[in-house]
Every structure is written in structure tokens, then in C-alpha cells.
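Engineer: just a sequence and a predicted model for now, questions to come.
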Amino acid sequence: MGRYRYDGSFEGYLSTLCLALAERDEAVEFVRDAPETEPGLFDGPAIAVVTGKGEAAAFRERFAAEVSPEAFSMLCYAFHSEREGIENLLWQYVRLGLQAGPRLCSMIADKRVNRVDRLARAVSREAHRYKGFVRFRELEEGFLYARIEPEAYIIRFLAPHFARRVGDRPWVIHDLRRSVAAVYDLAGWRLVHDITLTGSPRFTGAEEGWAGLWRSYFRRLAVEERRNPKLQQKLVPLRSRKYLVEFE
């Protein structure tokens with residue numbers, strides 16, 4: 001039995017998996033760093049795991065080689081669902097995968113695999129949809145800024161996409177729900193945590209003008225006789241409209 005405390009990041013979790021597997025633990029409890037942590041299932045202090053890029057990469061390579069890259073991708077997406085108990089579910093998934101090998105992803109009748117599969121697909125769908133929901137707006141400070149509040153922690157899946165698509169301007173994608181931002185500086189992107197707004201974003205005059213034109217175009221493009229609010233809500237959920245210029 002072992003209790004492991006890690007920093008809450010995906011790389012930290014992979015480092016923890018690497019250690020737990022090396023220790024040959026079976027019953028494991030994962031504890032995220034927090035100011036106050038409730039007592040867990042096991043007695044005794046938790047082992048503090050230092051996040052290491054080397055350990056995380058070693059686990060990724062091992063799991064992809066012994067199981068499959070697809071199984072590792074499922075693990076990654078499911079982890080970012082942030083569902084309660086996800087660490088322990090994925091621990092079971094990993095141990096099963098190292099036993100079953102490449103058959104893991106096809107073992108959909110297994111409850112553990114089925115649940116990871118459903119969580120991973122939900123996160124993947126949300127990340128894909130948000131690629132069309134991010135609205136960059138030009139700030140007076142000279143960079144593009146977009147606000148989002150997704151259900152899952154998908155910002156790390158959005159950043160590489162926009163680094164390719166909008167690579168000629170510095171930008172920031174800000175997840176207000178988690179106070180984390182993906183920051184792109186023309187050389188590459190990185191995640192910055194504990195980012196909060198101290199005031200309303202100051203958009204440039206040109207940005208305000210373009211936003212007005214876009215809203216006007218959006219309204220005039222609609223055919224009144226073919227309005228279908230239910231279909232529109234299905235394609236663009238209400239929770240995703242808060243920072244879409246056309247719905248302001």
C-alpha cells in the first residue's frame with residue numbers, strides 16, 4: 001500500500017505512476033497538492049513525488065511500447081477530465097494495460113476500460129469543438145487574447161492547434177475557470193498558472209470595429225424563416241457562448 005502526493009499536473013501523475021510501478025505497489029492512493037487535504041484511505045504520510053520530465057517521458061515510452069500509443073492517448077485525455085477519483089481509475093487502467101498489452105483498447109466490455117474510453121472521448125470532443133469556439137481579440141497591450149471556460153482541462157490540447165494556425169502573432173488563451181493560460185510568444189507556447197484578471201480587457205479601437213462588423217454580418221446572414229434555436233443550441237451550447245463575439 002502506498003500514498004503518493006503529486007503536484008496535480010499530468011507530468012506529475014506520470015512521474016507518480018513511474019514510482020508506484022517501480023515500488024510494485026498494488027493498492028495505491030494519489031493525493032494532489034492542496035492547502036488542506038482530507039484524510040485518505042491509508043494511514044501514514046504521503047510520499048512526495050517530484051515531477052520529472054525524464055520519468056514522465058520514460059513512462060510514456062514504456063506504456064506506448066508495451067500497450068499502444070492509442071492507449072496512452074486515452075489515458076491523457078481521460079486524466080484531463082478532472083473527474084473525482086480519476087487517478088485511481090487510471091492506475092487500474094495502467095496495470096491492466098501492462099498485463100493485456102495491445103489488446104487493452106479493444107477490451108471495451110471491461111468496466112475500467114469502458115469508463116476511461118468514455119471520459120477520454122468526452123474530453124476529446126470538447127477540445128475539438130472549442131477549436132471553433134475560441135475568439136481571439138486584439139488588446140491594447142499588443143497581443144491577441146481569448147477567454148474560455150470549458151468543462152474539462154483542455155487548454156493543453158488547444159494550444160498546439162493555435163500555435164500552428166495563429167503563429168504570426170503573440171497570443172494568450174485564458175481558462176478563467178482554472179486560472180491558467182496558454183501563452184504563445186512566437187517561439188513556442190507554455191502554460192502559466194494562477195492567472196487572474198485584475199480588470200476588464202482593453203480592446204483596441206480596430207478590434208471593436210471588427211467585432212461590430214462581425215456581429216452585424218452574423219445577424220444579417222441569418223434567414224429568419226429558417227431559424228432553429230434548438231439546433232443552434234446543440235451545435236453551440238449555451239455554456240460556450242459567453243465569450244463568443246457574435247453572441248454578445
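Structural biologist: Everything's here; your move.
Engineer: domain ranges for the chain?
Structural biologist: 2-125, 137-247 (automatic domain parsing).
Engineer: between those, which one is closest to residue 131.
Structural biologist: Counting by CB to CB, residue 131 lies closest to domain 137-247 out of the domains of the chain; the figure is 5.5 Å. Every residue, glycine included, has its C-beta placed from N, CA and C.
Engineer: now find how far off-centre the closest one is within its chain.
Structural biologist: Computed by CA atoms, centre = their mean, to the nearest Å, the chain-centroid distance of domain 137-247 equals 16 Å.
Engineer: thinking again about what came up before, turn the domains of the chain into CSV, columns for distance to residue 131.
Structural biologist: CSV is the format used below for these (distance: least, CB to CB, whole Å):
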stretch, distance to residue 131
domain 2-125, 11
domain 137-247, 6
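Engineer: could you identify which of those is most buried?
Structural biologist: With neighbours taken as mean count of other CB atoms under 10 Å, the domains of the chain reach their highest mean count in domain 2-125, at a mean of 17.
Engineer: where along the chain do the helices fall?
Structural biologist: Here the chain has its helices, by DSSP state H, at 10-22, 53-66, 69-79, 86-100, 111-130, 155-165, 205-221, 229-235.
Engineer: dump the domains of the chain into TSV; add mean pLDDT as well.
Structural biologist: Below are the domains of the chain laid out as TSV (pLDDT from 0 to 100):
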stretch	mean pLDDT
domain 2-125	90
domain 137-247	90
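Engineer: so for residue 172, which of the helices of the chain sits nearest?
Structural biologist: Once the helices of the chain are compared by CB to CB, helix 155-165 is nearest, at 10.3 Å.
Engineer: tilt between that closest one and helix 69-79?
Structural biologist: 120 degrees (axes from the mean of the first three to the mean of the last three CA atoms, to 10 degrees).
Engineer: helices and strands around helix 155-165, which ones?
Structural biologist: helix 111-130, strand 171-175, strand 180-184, strand 189-193 (3 or more CB pairs under 8 Å, 6 or more residues apart in numbering; DSSP states H and E).
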